[in-house]
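[1] Predicted model, plus sequence, below.
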Amino acid sequence: MNKLIKVALVAVVMCLICFTAAFADGILIKNFVVKDNPFGTNEVAIVATDTAGVIQENVNGDFLFTVNGFQETLKFEHGTAFYHHKIAKSSFMLIKHENEIGSHSTLFYVYKSDAKLIPIHINWIVLFAIPVILVLLGYMFKRFIIIAAILLCLFVYFNHSNGLSIPSFFETVIDGLKHMFAP
């Protein structure tokens with residue numbers, strides 16, 4: 001009988017350990033930035049950060065990201081993962097990560113200079129405000145309507161030629177609106 005109690009006690013302890021491990025806090029990536037990869041030419045690194053921009057060095061393992069519509073499994077070590085695709089010219093990068101609490105997407109313009117890549121974060125408000133301001137100016141000043149239409153066409157052409165499609169544009173704006181009104 002004594003042996004049966006010990007086995008039952010060990011089984012209960014093992015079940016409790018498994019139960020707590022199942023509900024332990026997982027590592028979540030809520031914010032991330034793109035930086036120039038110091039170890040590869042024409043490549044970028046994705047860095048997991050907190051809201052203050054401090055690297056989350058506790059992020060380790062494989063995480064699923066969508067980069068410009070293509071799913072990639074990125075291996076994070078000490079908060080940094082390397083995106084091993086060469087960037088041939090300056091272009092937009094829409095990076096999206098989905099975890100248990102929702103999706104997080106960020107739009108970057110990666111400017112390619114001679115020596116390195118310079119990622120620039122594009123805020124969804126600025127992306128949305130430029131065409132709205134051009135349309136409003138064209139509506140308010142009838143003489144400006146032709147210039148506003150030309151500038152709007154140049155804006156759309158610049159975005160499209162650098163890899164930002166219309167669906168990606170609207171996805172960025174809608175995702176920004178969702179996060180603005182989310183609790």
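    Sure thing, it's come through.

[2] show me the contacts for residue 79.
    Contacts for residue 79 were tallied using CB atoms under 8 Å, 6 or more residues apart in numbering; they are 47-49, 55-59. Quick note: C-beta positions are derived from backbone N, CA and C, even for glycine.

[3] Compare these and tell me which has the most neighbours.
    residue 48 (25 neighbours; other CB atoms under 10 Å).

[4] Buried residues of stretch 134-144, list them for me.
    134, 138 (16 or more other CB atoms under 10 Å).

[5] same question but for stretch 59-79, I mixed them up
    Per 16+ other CB under 10 Å, stretch 59-79 contains these buried residues: 59-60, 63, 65, 67-68, 72, 74, 76, 79.

[6] same question, stretch 155-168
    Quick answer for stretch 155-168 (16+ other CB under 10 Å): 159, 163-164, 168.

[7] that older thread, got the contacts of residue 79 as CSV, with pLDDT and secondary structure columns?
    Formatted as CSV, these follow (pLDDT from 0 to 100; DSSP: H, G, I helix; E, B strand; the rest coil):
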residue, pLDDT, secondary structure
47, 92, strand
48, 91, strand
49, 89, strand
55, 89, strand
56, 89, coil
57, 89, coil
58, 90, coil
59, 89, coil
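
[8] Farthest pair within those residues?
    47 and 58 (13.0 Å; CB to CB).

[9] Just the C-alphas of the longest strand along the chain, formatted as PDB.
    What stands out as the longest strand in the chain, according to DSSP state E, is strand 102-112. The C-alpha trace of strand 102-112 is given here as PDB (Å, rounded to 0.1, in the frame of the first residue of the first chain):
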ATOM      1  CA  GLY A 102      -2.900  39.100 -32.500                       C
ATOM      2  CA  SER A 103      -0.900  40.200 -35.500                       C
ATOM      3  CA  HIS A 104       1.700  42.800 -35.700                       C
ATOM      4  CA  SER A 105       2.800  44.300 -39.000                       C
ATOM      5  CA  THR A 106       5.300  47.000 -39.800                       C
ATOM      6  CA  LEU A 107       6.200  48.800 -43.000                       C
ATOM      7  CA  PHE A 108       9.800  49.700 -43.700                       C
ATOM      8  CA  TYR A 109      11.400  51.400 -46.600                       C
ATOM      9  CA  VAL A 110      14.900  49.900 -47.000                       C
ATOM     10  CA  TYR A 111      17.100  52.500 -48.700                       C
ATOM     11  CA  LYS A 112      20.100  50.900 -50.400                       C
END
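
[10] what's the helix or strand following it in contact with?
    Using DSSP states H and E, the helix or strand that follows strand 102-112 towards the C-terminus is strand 117-122. The contact list for strand 117-122 (CB under 8 Å, 6+ apart) reads 33-37, 42-44, 87, 92-93, 106-112, 172.
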